[in-house]
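> here's my sequence, what's the structure:
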Amino acid sequence: MAQQYEQKDNDGAAFPVESKTEDWHDDYSGKIMVDGSMYWLGVRDMKSKAGKPYLKLKVRPVNSGASQSQGGDLPF
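Numbering: from 1, shown residues only. Model (predicted):
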């Protein structure tokens, strides 16, 4: 029987996107935990002007906007 995955701090994973329909869509997507907070992770295969391959990473909070709608640290 497979063990359930436990997300560890400062660790994450990205998997190939199988339903990519546009060139600008991420090639890989997943989640990453940094300092106890979860983030969405987007990864794209890129090429520099010199033609060298590199990976471009984009992260955004999983709970984007959730803390504001629940009050968060707002002064009112």
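> how about the secondary structure of the nearest residue to residue 48 once chain neighbours are set aside?
Spatially, and ignoring its direct neighbours in sequence, residue 48 is nearest to residue 54 (6.1 Å; C-beta to C-beta, 6 or more residues apart in numbering). Where C-beta positions appear, they are placed from N, C-alpha and C, glycine not excepted. Secondary structure assignment for residue 54 (DSSP: H, G, I helix; E, B strand; the rest coil): strand.
> contacts only, for residue 54.
Going by C-beta atoms under 8 Å, 6 or more residues apart in numbering, residue 54 touches 46-48.
> how about residue 57?
41-43.
> repeat the analysis, applying 7 Å as the threshold.
For residue 57, the contacting residues are 41, 43, by C-beta atoms under 7 Å, 6 or more residues apart in numbering.
> try the one 3 residues further on
If you count contacts by C-beta under 7 Å, 6+ apart, residue 60 has them with 39-40.
> please repeat the previous calculation with a cut-off of 6 Å.
Residues in contact with residue 60 (C-beta atoms under 6 Å, 6 or more residues apart in numbering) are residue 40.
> partner strands of the helix or strand containing it and their direction?
Assigned by DSSP states H and E, residue 60 belongs to strand 53-61. Using DSSP bridges, strand 53-61 pairs in its sheet with strand 37-47 (antiparallel).
> about what we covered before: now the contacts of residue 54 as CSV including neighbour count, pLDDT and distance to residue 10?
Listed next are those as CSV, based on neighbours: other C-beta atoms under 10 Å; pLDDT from 0 to 100; distance: C-beta to C-beta, whole Å:
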residue, neighbour count, pLDDT, distance to residue 10
46, 11, 96, 24
47, 9, 96, 29
48, 8, 97, 27
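> surely residue 28 meets residue 13?
No: in this structure, residue 28 is not within contact of residue 13 by C-beta atoms under 6 Å, at 9.2 Å.
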